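Asks: Pasting the sequence and the predicted coordinates here, then a few questions.
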Amino acid sequence: MASRAGPRATGTDGSDFQHRERVASHYQMSVALKMKIKKLIIAHLVIWTLLVLQVFVSHMKIVSHDLVALPYQWEYPYILSIIPSFFGFISFPRNNISYLVISMISIGLFSIAPLIYGSMEMFPVAQQLYRHGKAFRFIFGYSAVAVMYSVLAIAVQLHSWQIYYSKKLLDSWFTSTQEKKKK
């Protein structure tokens, strides 16, 4: 080792610092996955806000039902889908594994299950629209079932990606935890 007064240690030219500046790959992956999940949560919040506004506007009769249709039954339990997003978001600062697991399980219960029920609930109306071209519910002039199936398809993709990235993040956190235990 070099001292302030003495010569530099032999064999070192000052370029041996690079190995100390590297960040472990699971930490890099953790940061990248957290950012992806945050983007998915924000996209989910946009869909959630639109559905809450539809429920609120239709029940408070702010506009006529010709402009904004009454919500389907699946939309009410889907409003609870904010819970998994909340748990997922609060799991990030301290890499809390249990909150992330709660988020993943509750995505299935509060997000995916209402979406599956919604696809079954709206199927007869969609079938009637496809066969006869008749729609009875409208959202801003568009068939409510077509609009809601579009929302449903986007929401299923968002939640599926969120579960996928959460699983990868969980694996990354377990790798980090196992390495700490070895030391």
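Replies: Perfect, thanks for sending it.

Asks: which regions of this structure sit below the pLDDT cut-off?
Replies: 1-24, 26, 176-183 (pLDDT under 70).

Asks: Looking at it, which helix is longest?
Replies: Counting residues, the longest helix in the chain under DSSP state H turns out to be helix 144-182.

Asks: counting contacts, what elements does that helix pack onto?
Replies: On a contact count with 3 or more Cβ pairs under 8 Å, 6 or more residues apart in numbering; DSSP states H and E, helix 144-182 meets helix 25-60, helix 82-90, helix 97-107, helix 113-132, strand 138-139. (C-beta placed from N, C-alpha, C; glycine too.)

Asks: In a markdown table, list the ones you listed along with distance to V145 and mean neighbour count.
Replies: Below are these laid out as a markdown table (distance: least, Cβ to Cβ, whole Å; neighbours: other Cβ atoms under 10 Å):
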| stretch | distance to V145 | mean neighbour count |
| --- | --- | --- |
| helix 25-60 | 14 | 16 |
| helix 82-90 | 24 | 19 |
| helix 97-107 | 25 | 18 |
| helix 113-132 | 5 | 15 |
| strand 138-139 | 10 | 17 |
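
Asks: closest one to Y72 among the ones you listed?
Replies: Of all the helices and strands packed on helix 144-182, helix 113-132 sits nearest to Y72, with 5.8 Å by Cβ to Cβ.

Asks: For that closest one, give me every contacting residue.
Replies: Helix 113-132 is contacted by residues 72-75, 77-78, 80-81, 134-137, 143, 145-146, 148-149, 152, 155-156, 159 when judged by Cβ atoms under 8 Å, 6 or more residues apart in numbering.

Asks: Just the buried subset of those, please.
Replies: Buried members of the contacts of helix 113-132, scored by 16 or more other Cβ atoms under 10 Å, are 72, 74-75, 77-78, 81, 135, 137, 143, 145-146, 148-149, 152, 155-156, 159.

Asks: quick revisit: in the longest helix of the chain, what counts as buried?
Replies: The neighbour-count check on helix 144-182 (16+ other Cβ under 10 Å) flags 144-149, 151-152, 155-156, 158-159, 162-163, 165-166, 168-170, 172-173, 175-176 as buried.

Asks: which residues sit in contact with the closest residue to A135 other than its chain neighbours?
Replies: Leaving out its chain neighbours, the residue that sits closest to A135 by Cβ to Cβ, 6 or more residues apart in numbering is S143, at 3.8 Å. Applying Cβ under 8 Å, 6+ apart to S143 gives the contacts 129, 135, 137.

Asks: Verify the stated contact: the second one with V145.
Replies: Yes: A135 is within contact range of V145, at 6.8 Å (criterion: Cβ atoms under 8 Å).
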